[in-house]
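[1] Kindly return the folded structure for what I paste below:
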Amino acid sequence: MGSNLQINKEIEKYINDNSLKLHPVQREIIKYNENLGEIKKMQISISQCHFLHLIIKIYNPTNILELGTFTGLSTLTMGLAMNKNAFLTAIDKNKDTSNIAKNFFIKAKLEKKINLIVRNANESIKDLIKNKKIYDLIFIDADKENYINYFENSLKLLNKSGLIITDNVLWYGDVVDKNKNDKLTKIIREFNSFVYNDHRVESLILPLGDGLSVCRKI
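    Model prediction:
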């Protein structure tokens with residue numbers, strides 16, 4: 001049986017250099033985030049940008065929901081790939097980073113296609129369910145403690161055959177390190193087991209960035 005290639009920084013750079021070209025505003029966000037210190041790790045990777053772009057192009061969702069926006073790279077990536085009739089709702093509780101993200105959306109001329117709600121995600125999701133909102137694709141990249149709650153509620157908001165994509169499911173590789181048993185590592189392991197055993201979805205984990213879980217609602 002064949003084995004997966006071990007990806008080092010040189011191969012990663014080669015892949016990124018020979019894949020889709022990023023939009024100038026995507027590059028601007030990445031450059032901005034480089035000066036943010038430790039929290040820049042909240043940004044998705046370039047390989048994840050490429051993946052989200054292609055999945056949006058192929059799946060062609062009309063309504064997208066994002067939980068966790070940070071400075072807007074993932075949001076903008078999906079927004080740029082959407083068709084002209086599609087709309088994206090993004091939710092993030094951080095006012096400062098949300099304002100930064102909104103400015104990037106304006107620069108990319110996507111402010112009319114993206115609605116960024118500055119509010120607690122759990123509260124917002126309850127309102128979306130109450131209002132019977134339905135989405136074709138949901139991207140989860142918010143606080144890890146609520147991942148299972150977000151997943152459960154996302155299924156209530158998702159069309160049949162809709163997609164749930166979740167970031168950080170490999171947690172810097174700590175999920176396989178038996179010596180790593182801190183709270184967040186345990187939470188990610190629990191989430192991955194929960195999704196694997198959930199018969200309402202078909203799922204797989206992709207080793208892109210910090211790991212992406214991709215689920216299709218059955």
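[2] does the most centrally placed residue in the chain count as helix, strand or coil?
    Centroid-nearest residue in the chain, with Cα atoms, centre = their mean: Phe139, separated by 4.3 Å. Following DSSP: H, G, I helix; E, B strand; the rest coil, Phe139 is assigned to strand.
[3] who are the neighbours in contact with it?
    Contact analysis of Phe139 by Cβ atoms under 8 Å, 6 or more residues apart in numbering lists 52, 64-67, 74, 78, 165-167. Using the backbone N, CA and C atoms, a C-beta is placed for each residue, glycine as well.
[4] With Ile148 instead?
    190-191, 194.
[5] The residue nearest to the centre of the chain bridge partners, please.
    Counting by DSSP bridges, Phe139 is bridged to Glu66, Ile165.
[6] hang on, the earlier thing: adding neighbour count and pLDDT, write the contacts of Phe139 out as a markdown table.
    Listed next are these as a markdown table, based on neighbours: other Cβ atoms under 10 Å; pLDDT from 0 to 100:
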| residue | neighbour count | pLDDT |
| --- | --- | --- |
| Leu52 | 25 | 98 |
| Ile64 | 26 | 98 |
| Leu65 | 26 | 98 |
| Glu66 | 26 | 98 |
| Leu67 | 24 | 98 |
| Ser74 | 25 | 98 |
| Met78 | 26 | 98 |
| Ile165 | 22 | 98 |
| Thr166 | 27 | 98 |
| Asp167 | 24 | 98 |
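[7] All good on my end, thank you.
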